[in-house]
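K.L.:
show me the folded form of this:
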Amino acid sequence: MMNYTQNNQSMKNIQLGRKKRQWRWWSVTITLFISSILLCGAMLMLGNTIYPANDVFRALLGEQLGSINFAVNTIRFPRMLAGLFAGFAFGIAGNTFQTMLRNPLANPDVLGITAGSSAAALFCILVLQTNNSIVSIVAILAGLATVVLIYGLSKGRTFSVGRLILVGIGVQAMLSAVISYLLMRGAQEDLPSAMRWLSGSLNGAQLDAVYPLMLTVFICSPIVMFLSKHLSILELGEQSATSLGLNTDRTRMLLIFASVCMIALATATTGPIAFVAFLAGPIAKRLVGSGLSTVLPAGLVGVNLVLAADLVGQFAFEIRFPVGVITGMLGAPFLLYLLIRMNRKGSL
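P.N.:
Okay, here's the model as predicted:
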């Protein structure tokens with residue numbers, strides 16, 4: 001009788017703990033969603049001229065309000081959409097790589113995937129001078145090719161995340177050299193826009209360039225969310241995931257393909273916004289806690305980081321800075337802290 005009572009109490013404690021984790025997940029996710037909406041509204045209202053929310057809403061509905069229509073529909077709305085979907089793409093993709101490879105350093109920035117897409121996009125912009133659709137396609141192909149190259153070079157008798165990260169850092173350095181060479185060989189009149197793009201910027205965002213990113217996020221992010229339970233199983237390790245009946249190769253390929261597509265299109269649209277993919281996952285895990293998926297919260301954290309950093313870059317200083325400069329200022333100290341902590345634990 002006593003054993004039955006103890007087991008019953010244990011089950012109640014487990015159920016209570018699960019409900020608390022679910023409540024925390026929903027609270028964090030809803031808060032991040034509301035914060036994203038508020039930041040989107042701020043992006044539309046703030047600028048050289050501050051417009052009230054009512055005028056912004058009327059302009060978005062197509063009502064003719066003079067200069068407000070041009071400022072809101074042509075400049076601020078595409079900029080807001082670019083930041084919204086790029087932040088979401090960077091956040092989800094970075095969290096996917098970090099969770100799948102069980103290492104916070106294993107994100108597209110460090111592994112060189114972002115650099116691969118950047119080098120290809122820059123080649124199209126400076127050398128081929130192609131349109132946005134070609135840049136997007138080439139960026140995706142280059143991102144996938146970079147993944148294949150890194151995986152092939154790091155493959156040994158057994159899979160090692162540490163080896164993968166080291167190879168990725170080396171590939172990133174090589175691709176950075178390619179980017180520097182392209183900048184040296186590019187036409188003088190194209191260099192300012194190329195440098196602004198490389199720093200990660202929402203300036204000059206246009207709807208026709210944002211549409212492919214939006215379509216990719218709408219297609220690929222549900223794939224990652226649908227596989228979020230499998231992603232959590234992959235976090236347990238290769239042997240544990242296989243013993244639980246998971247087809248690890250197929251799941252990993254789907255997750256990598258969806259994530260690289262989002263990373264490549266986001267990079268082609270806004271440039272490589274530094275450290276968003278690196279920061280979003282760890283922040284989401286701290287906020288949500290353990291036991292539940294961090295895919296959607298990481299995407300929303302990415303949105304908040306990009307939009308908030310862009311507002312800070314526009315209005316917090318005398319000189320306007322691109323969004324990538326602000327996120328870089330946030331991410332670099334965290335990267336150093338993480339490296340020091342992992343070195344003390346012997347993880348490096």
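K.L.:
can you report how many residues lie near the residue nearest to F275 when sequence neighbours are not counted?
P.N.:
Sequence neighbours aside, G331 is the residue nearest to F275 in space, at 2.4 Å (criterion: C-beta to C-beta, 6 or more residues apart in numbering). From N, CA and C alone the C-beta is placed, and that goes for glycine too. G331: 20 surrounding residues under other C-beta atoms under 10 Å.
K.L.:
which strand or helix spans G331?
P.N.:
G331 belongs to helix 323-345 when assigned by DSSP states H and E.
K.L.:
and that helix, what does it pack against?
P.N.:
helix 276-288, helix 295-315 (3 or more C-beta pairs under 8 Å, 6 or more residues apart in numbering; DSSP states H and E).
K.L.:
could you give the angle of the first one to helix 295-315?
P.N.:
So the one you mean is helix 276-288. Between helix 276-288 and helix 295-315, the angle comes out at 120 degrees (axes from the mean of the first three to the mean of the last three C-alpha atoms, to 10 degrees).
K.L.:
for the stretch 201-348 of the chain, which spans come out with low pLDDT?
P.N.:
Scanning the stretch 201-348 of the chain for pLDDT under 70 picks out the ranges 238, 342-348.
K.L.:
which parts of the stretch 1-150 of the chain are helices?
P.N.:
2-45, 53-60, 67-69, 77-100, 108-111, 113-123, 132-154 (DSSP state H, counting those that start in this stretch).
K.L.:
please identify the buried residues of the third one?
P.N.:
For helix 67-69, burial by neighbour count (16 or more other C-beta atoms under 10 Å) applies to 68-69.
K.L.:
now tell me what touches that helix from outside.
P.N.:
Applying C-beta atoms under 8 Å, 6 or more residues apart in numbering, the contact partners of helix 67-69 are 51, 55-56, 59.
K.L.:
state the mean pLDDT of that helix.
P.N.:
The average pLDDT within helix 67-69 is 85.
K.L.:
return the distance of that helix from the chain's centre.
P.N.:
32 Å (C-alpha atoms, centre = their mean, to the nearest Å).
K.L.:
related to what we said a few turns ago, for A277, find the nearest of the helices of the stretch 1-150 of the chain.
P.N.:
When the helices of the stretch 1-150 of the chain are compared by C-beta to C-beta, helix 77-100 sits nearest A277, at 2.8 Å.
K.L.:
which helices and strands does the closest one pack with?
P.N.:
helix 2-45, helix 108-111, helix 207-226, helix 228-234, helix 248-270, helix 276-288, helix 295-315.
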